[in-house]
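1. here is my input; please provide its structure:
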Amino acid sequence: MNPSLRQLRAFREVMRLGSVSAAARTLHRTQPAVSAMVASLEEELGYPLFERARGRLVPLPEARYFLEEVDEVLERLTDCMQRMQEIGALERGRLRIACLPAASSFLMPRLVTEFVRERPAVDVSLRMQSSKVLEEWVASQQYDIGLAETPEPRPALRVRPFRLQCLCALPADDPLAEQDAITPADLDGAPMAALYPEHQTRQLTAAAFAEAGARYRVRFELQTFLPSLSLVENGVCYCVCDPITAVNYGICRGSRRSVTFLPFTGAVPFDLAILTPAHRPLAILTRAFLERLEAELERIRATPPHALPALWAYS
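-> Here you go, the predicted model:
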């Protein structure tokens, strides 16, 4: 027994409108075609649903019961097709995003906000975690997208790398803020805020100072860069930080900014990557957000340091 959707729709319209001719007009079919579909449906069931009386179809009690079932089936199919169309139009679905701390406070939530603003049926799981843990989450397909420090190659991950350059944060009223760029020699022996000793940016910054013969004095040691900018605002230190922190600062402070960002000639790279599972195709919604994230990272990479806080700043 294998009734078609056309048979079920023909039956429903005959029941709803009371005649084969009216059902045929609604379905844009000929009257004989609708009659044949109803007859073949009865043949599938093995018993009649209508009495034929003077050229009319009179529903039997079994037909009225069957109509309830058919209505439910067709309504569920319509709902399913509507949801699938919404998914295809990026209006429905779920995003699972894992993000390293540098982008989790302001940048990633702001990107997600802009993406879902006109999509009320899109749900998002956004988790912050260290890059190493985040890699495992994406590799094991617990998350669709990860933003992490660039990992070592592994078969379970697709990696889209982005090399950004660290910059120098200093008080806006500092005499050094008048320069075009900051060198390690400019900061020789000056108090600095930095991440913990094991972090790559701390090690690369120390190496840049050493190569220039400058003293790298870490006065404040922190877990992430964003809190260090409060110290810079108050004039107690400088900081060589990643450009995403500068964007976060702009989103956080808006027009009330008192930190200036300038190029740092020590050439300290900050290597980020977008991670996706290698062994699972991406959903349409995930691909759309991935494109948005890639475009934003490219925009950050192309923006001069002093202009970074204004990229996403609230007015």
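2. any buried residues in stretch 284-293, and which?
-> Neighbour-count burial for stretch 284-293 flags Leu285, Thr286, Ala288, Phe289, Leu290, Leu293 (criterion: 16 or more other CB atoms under 10 Å). Glycine gets a C-beta too; all of them are placed from N, C-alpha and C.
3. please apply the same query to stretch 214-227.
-> Ala214, Tyr216, Val218, Thr224, Phe225, Leu226.
4. state the distance from the fifth one to Glu62.
-> Read that as Phe225. Phe225 sits 73 Å away from Glu62, going by CB to CB, to the nearest Å.
5. again with the fourth one
-> According to CB to CB, Thr224 stands 70 Å off from Glu62.
6. out of the buried residues of stretch 284-293, which sit inside helices?
-> Residues of the buried residues of stretch 284-293 located in helices (DSSP state H): Leu285, Thr286, Ala288, Phe289, Leu290, Leu293.
7. neighbours of the closest residue to the second one other than its chain neighbours, how many?
-> In space, and not counting its chain neighbours, Thr286 is closest to Asp144: 4.6 Å by CB to CB, 6 or more residues apart in numbering. The burial count assigned to Asp144 is 23, neighbours taken as other CB atoms under 10 Å.
8. can you tell me which of the ones in helices among the buried residues of stretch 284-293 is nearest Ala246?
-> Ala246 lies nearest to Leu293 out of these, by CB to CB, at 17.7 Å.
9. need the pLDDT of that closest one.
-> Leu293 carries a pLDDT score of 95 in this model.
10. Arg83 too?
-> Among the per-residue scores, Arg83 holds a pLDDT of 68.
11. quick revisit: nearest to Arg280 among the buried residues of stretch 214-227?
-> For Arg280, the nearest member of those is Thr224. The distance, counting by CB to CB, is 30.6 Å.
12. list the contacts of the closest one.
-> Pro101, Ala102, Ser105, Leu195, Thr245 (CB atoms under 8 Å, 6 or more residues apart in numbering).
13. which non-adjacent residue is nearest the first one?
-> The reference is to Pro101. Once chain neighbours are set aside, the closest to Pro101 by CB to CB, 6+ apart is Thr224, at 4.9 Å.
14. now do the worst-scoring helix or strand of the chain on mean pLDDT: which elements does it pack against?
-> Sorting the helices and strands of the chain by mean pLDDT, DSSP states H and E puts helix 61-88 at the bottom, at a mean of 79. Using 3 or more CB pairs under 8 Å, 6 or more residues apart in numbering; DSSP states H and E as the contact criterion, the secondary-structure elements in contact with helix 61-88 are helix 5-17, strand 92-99, helix 284-302.
15. can you give me the mean pLDDT across the shortest one?
-> For strand 92-99, the mean pLDDT works out to 87.
16. and what of stretch 131-150?
-> Mean predicted lDDT for stretch 131-150 stands at 92.
17. stretch 244-260 now?
-> Here the average pLDDT along stretch 244-260 is 90.
18. pLDDT weak spots in the stretch 151-300 of the chain?
-> Low-confidence segments of the stretch 151-300 of the chain (pLDDT under 70): none present.
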